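Asks: sharing a sequence plus its predicted fold:
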Amino acid sequence: MAAGRHRSFDKDLALEKAMRLYWKNGYANTSLSDLTGELGINKSSFYAAFDSKEKLFIEALDRYTQQQLQPTLQQLLDPTQPIDQRLRTYLRAIARVFSPPNSPGGCFMVNSTCEFAAADMPEQATEFISNLVQKQKHRLIDFFTHEKEKGNLKSESSPLALALFLMSINSGIAVRARSGIPLEELDEMINHAVQTFV
């Protein structure tokens with residue numbers, strides 16, 4: 001008798017679904033049963049594909065960074081546009097990524113940062129998030145250092161202060177978007193923020 005066919009498993013699609021589930025619910029509020037149900041697999045298949053809930057969370061957050069955050073950052077770094085236009089385009093792109101129906105609500109990375117600061121999250125996941133935040137900070141410090149050297153910024157604040165301020169704006173946009181604030185109001189916030197830099 002011929003052996004039965006194994007059901008094909010699209011790991012990339014499963015990772016996309018897991019990313020959006022973690023993004024919506026957070027690490028602690030996403031159970032293994034939630035994941036297997038969303039991915040349509042049993043527990044043994046889950047462990048074979050992803051090893052653990054924590055490792056899948058890290059893969060999902062890495063996917064989010066590559067899919068959502070890196071493309072918006074490239075708009076900020078584009079040297080062919082004026083600095084004010086780049087800042088505005090960057091922040092507006094972030095606002096649209098964070099706003100429903102484009103997302104489950106807010107920024108996955110910001111949500112995760114808040115979660116590990118307030119709740120019990122495994123050490124490996126916490127370290128991964130901390131490293132992402134540090135990389136983002138240093139990329140922005142380099143960006144503002146370069147722009148100050150070119151004379152493109154009116155602010156006398158240090159590149160570190162400017163980087164931290166921009167990260168705070170990002171977090172504010174994420175929180176406001178998650179709460180359902182219309183994009184028109186986020187744009188007002190963005191326009192005011194850009195004026196503080198240039």
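Replies: Received, thanks.
Asks: helices or strands next to the helix or strand hosting Lys135 in the packing?
Replies: Assessed by DSSP states H and E, Lys135 sits inside helix 123-149. If contacts are counted by 3 or more CB pairs under 8 Å, 6 or more residues apart in numbering; DSSP states H and E, helix 123-149 sits against helix 53-64, helix 70-77, helix 108-118, helix 159-178. The way it works is simple: take the backbone N, C-alpha and C, and place the C-beta from them, glycine included.
Asks: which of these has the lowest average pLDDT?
Replies: For those, mean pLDDT drops lowest on helix 108-118, to a mean of 84.
Asks: which residues does that helix contact?
Replies: 19, 22-23, 26-28, 60-61, 64-65, 68-69, 121, 125-126, 129, 132-133, 170-171, 174-175, 178 (CB atoms under 8 Å, 6 or more residues apart in numbering).
Asks: quick check: buried residues in the least confident helix or strand in the chain by mean pLDDT?
Replies: Lowest on mean pLDDT, DSSP states H and E among the helices and strands of the chain sits helix 108-118, with a mean of 84. Within helix 108-118, the residues scored as buried using 16 or more other CB atoms under 10 Å are Phe108, Met109, Val110, Asn111, Ser112, Thr113, Cys114, Glu115, Phe116.
Asks: I'd like the residues you listed as a markdown table, with distance to Phe165 appended.
Replies: Shown next, in a markdown table, are those (distance: CB to CB, whole Å):
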| residue | distance to Phe165 |
| --- | --- |
| Phe108 | 22 |
| Met109 | 17 |
| Val110 | 15 |
| Asn111 | 20 |
| Ser112 | 21 |
| Thr113 | 17 |
| Cys114 | 19 |
| Glu115 | 23 |
| Phe116 | 22 |
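Asks: from those residues, pick the one nearest Leu77.
Replies: Met109 (18.3 Å; CB to CB).
Asks: how close does that closest one get to Pro159?
Replies: To Pro159, Met109 is 21 Å away according to CB to CB, to the nearest Å.
Asks: so who does Arg139 touch?
Replies: Leu73.
Asks: 10 Å instead?
Replies: Contacts of Arg139 were listed using CB atoms under 10 Å, 6 or more residues apart in numbering, and they are Leu73, Leu76, Leu77, Ala163.
Asks: any idea how many residues pack against the closest residue to the third one other than its chain neighbours?
Replies: To tie it back to what came earlier, the one meant is Leu77. Distance criterion CB to CB, 6 or more residues apart in numbering; nearest residue to Leu77, sequence neighbours excluded, is Phe143 at 6.5 Å. Using other CB atoms under 10 Å, Phe143 has 19 other residues around it.
Asks: and for the one 3 residues further on?
Replies: Using other CB under 10 Å as the criterion, His146 is surrounded by 13 other residues.
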